[in-house]
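>>> Just a sequence and a predicted model for now, questions to come.
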Amino acid sequence: WVGWYGFNCGSTLAIVDADEVASKTAATTTLAAASGGITNLVVHFHMSKRRSDDKHGIYDVAEVCNGILSGLVSITAACSVVEPWAAVVIGVIGALIYSAFSKLLLTLRIDDCVNATPVHFAAGAWGLIAPGLFARGKNMRAAYGNHRTGLFYGGNGTMLAVQLLAFVTITIWVTVTMFPLFTIMKLLGIFRVTEEDEIAGLDDSKHGGSAYASADVFGGKGDPQGVVMAHVPNKPGSADQKTDDSEV
């Protein structure tokens, strides 16, 4: 979150003669991140409550963080040209789009363990569209020296059309460049880790230690140093199959 101030406010490349733009950018960045985090907190609390047998909800810190990220991603393109109230709306919608896209990936059985696609693609797409709706002429003149405005400020739709074109162009470019790379990686067998590594956790199998100090995380067993241990079921018919799960 703090780094995003350098990303957004720092894009002015100066403070002298740019202080108004930079300060407004800091405000919109803060508001969108906060509204995104709060929205995701509420949404996923109620989602967990519906899934729970005893109807107890969970305040999911990971989803709050992804809501904050969704708000930050959503406001980046529009940070210098929208009003504070619009930043709150953009953050809320960004979090809702993130949650919907995350649910879609689960429905389609597409693996994205950290929800990077809902945050950066789905919320990012919304972030590109948002200036075409919420950009105010005064802010556009201060930041870019032109007189274009978003649709909600009397714009004729040209800016919105350009933003949509940018989204389509970027999507096509990424697909054309990345799809062949990922296909080759899959054919070479290096596109994803083994099932055993997934279950044990990549922190331990690839990075030499757990990221979590508590043995209670995810219900795993802990060693004396507090490293989370996982249970990896033996595959049927394997030579080392036992009556119970083996520990890694």
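Now that the structure is in, tell me what you want to look at.
>>> Could you pull up the mean pLDDT of stretch 43-51?
With pLDDT averaged residue by residue, stretch 43-51 scores 89.
>>> quick one, helices of the chain?
Assigned by DSSP state H, the helices in the chain fall at 2-8, 19-51, 61-76, 84-107, 116, 123-129, 131-134, 137-144, 158-187, 195-200, 202-207.
>>> Please state the offset of the fifth one from the chain centre?
Spelled out, it's helix 116. Computed by Cα atoms, centre = their mean, to the nearest Å, the separation of helix 116 from the middle of its chain amounts to 5 Å.
>>> do the same with the fourth one
Its chain's C-alpha centre lies 10 Å from the corresponding centre of helix 84-107 when counted by Cα atoms, centre = their mean.
>>> Where does the prediction get shaky in this structure?
For the chain, applying pLDDT under 70 flags the ranges 212-248.
>>> circling back to that earlier point, of the helices of the chain, which is nearest G150?
Each of the helices of the chain was checked against G150 via Cβ to Cβ, and the shortest separation belongs to helix 131-134, namely 4.8 Å. To be clear about C-beta, it is placed using only N, CA and C from the backbone, and glycine gets the same treatment.
>>> So which other helices or strands are in contact with the closest one?
Counting contacts by 3 or more Cβ pairs under 8 Å, 6 or more residues apart in numbering; DSSP states H and E, helix 131-134 packs against helix 84-107, helix 158-187.
>>> Can you tell me which of the ones you listed is packed in deepest?
Relative to the other members of the helices and strands packed on helix 131-134, helix 84-107 carries the highest mean neighbour count by mean count of other Cβ atoms under 10 Å, namely a mean of 20.
>>> So which residues lie in contact with that helix, not counting its own?
Surrounding helix 84-107, the residues in contact under the criterion Cβ atoms under 8 Å, 6 or more residues apart in numbering are 24, 27-29, 31-37, 39-40, 43-44, 47, 66-67, 70-71, 73-75, 78-79, 82, 112, 115, 117-119, 121-123, 125-127, 130, 134.
>>> Separate out the buried members of those.
Among the contacts of helix 84-107, those classed as buried by neighbour count (16 or more other Cβ atoms under 10 Å) are 24, 28-29, 31-37, 39-40, 43-44, 47, 66-67, 70-71, 73-75, 78-79, 82, 115, 117-119, 121-123, 125-127, 130, 134.
>>> Could you pull up the contacting residues of the nearest residue to I38 once chain neighbours are set aside?
Nearest non-adjacent residue to I38, counting by Cβ to Cβ, 6 or more residues apart in numbering: G67, 7.3 Å away. Under the criterion of Cβ under 8 Å, 6+ apart, the contact list for G67 reads 36-41, 43, 95, 98.
>>> Name the member of those with the shortest distance to D19.
Distances from D19 to the contacts of G67, taken as Cβ to Cβ, are shortest for G36 (26.0 Å).
>>> Contacts only, for the nearest residue to that closest one once chain neighbours are set aside.
Across the structure, with Cβ to Cβ, 6+ apart as the measure, the residue nearest G36 apart from its sequence neighbours is G71 (2.4 Å). The contact partners of G71, taken as Cβ under 8 Å, 6+ apart, are 32-37, 39, 90-91, 94-95, 123.
>>> mind giving me CSV with those and columns for distance to I15?
Written out in CSV, the entries for the contacts of G71 read as follows (distance: Cβ to Cβ, whole Å):
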residue, distance to I15
A32, 22
A33, 22
A34, 24
S35, 27
G36, 27
G37, 28
T39, 32
I90, 25
G91, 25
G94, 28
A95, 31
A123, 29
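>>> Taking the residues you listed together, which two end up most distant?
So for those, where distance means Cβ to Cβ, the most widely separated pair is A34 and A123, at 15.0 Å.
>>> picking that back up, as a markdown table, the helices and strands packed on helix 131-134 with distance to E198 would be great.
A markdown table is the format used below for those (distance: least, Cβ to Cβ, whole Å):
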| stretch | distance to E198 |
| --- | --- |
| helix 84-107 | 16 |
| helix 158-187 | 16 |
